[in-house]
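Enquirer: show me the folded form of this:
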Amino acid sequence: MTDEPPVPKRPKKPDPMECCRRGCYPCIFDYYDTATERWEARVRAMGLDPDAIPVED
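Expert: Numbering: from 1, shown residues only. Modelled structure (predicted):
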């Protein structure tokens, strides 16, 4: 067994149909972008490359 903490799951990208297209701010995609930036920072802090983590569907 390893003592390494598990890699957090990548945020799920919203389906384009989830956006209401009314120009909301923040939009659901703004929330996704912010969550993705936080996720990337956490993964980098673990010493890993976010681009090397496979995207789960």
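Enquirer: state the phi and psi torsions of residue 45.
Expert: Residue 45 has phi and psi values of phi -60, psi -20 when expressed as degrees, to the nearest 10.
Enquirer: okay, now it: neighbour count?
Expert: 8 (other Cβ atoms under 10 Å). C-beta: built from backbone N, CA, C; applies to glycine.
Enquirer: check the gap between it and residue 30 for me.
Expert: According to Cβ to Cβ, to the nearest Å, residue 45 and residue 30 sit 23 Å apart.
Enquirer: what does residue 40 give?
Expert: 16 Å.
Enquirer: was I right to think residue 19 contacts residue 26?
Expert: No: Residue 19 is beyond contact range of residue 26, at 11.4 Å (criterion: Cβ atoms under 8 Å).
Enquirer: and those two? Which one has more around it.
Expert: Counted by other Cβ under 10 Å, residue 19 and residue 26 do not tie: residue 19 has more neighbours, with 13 against 10.
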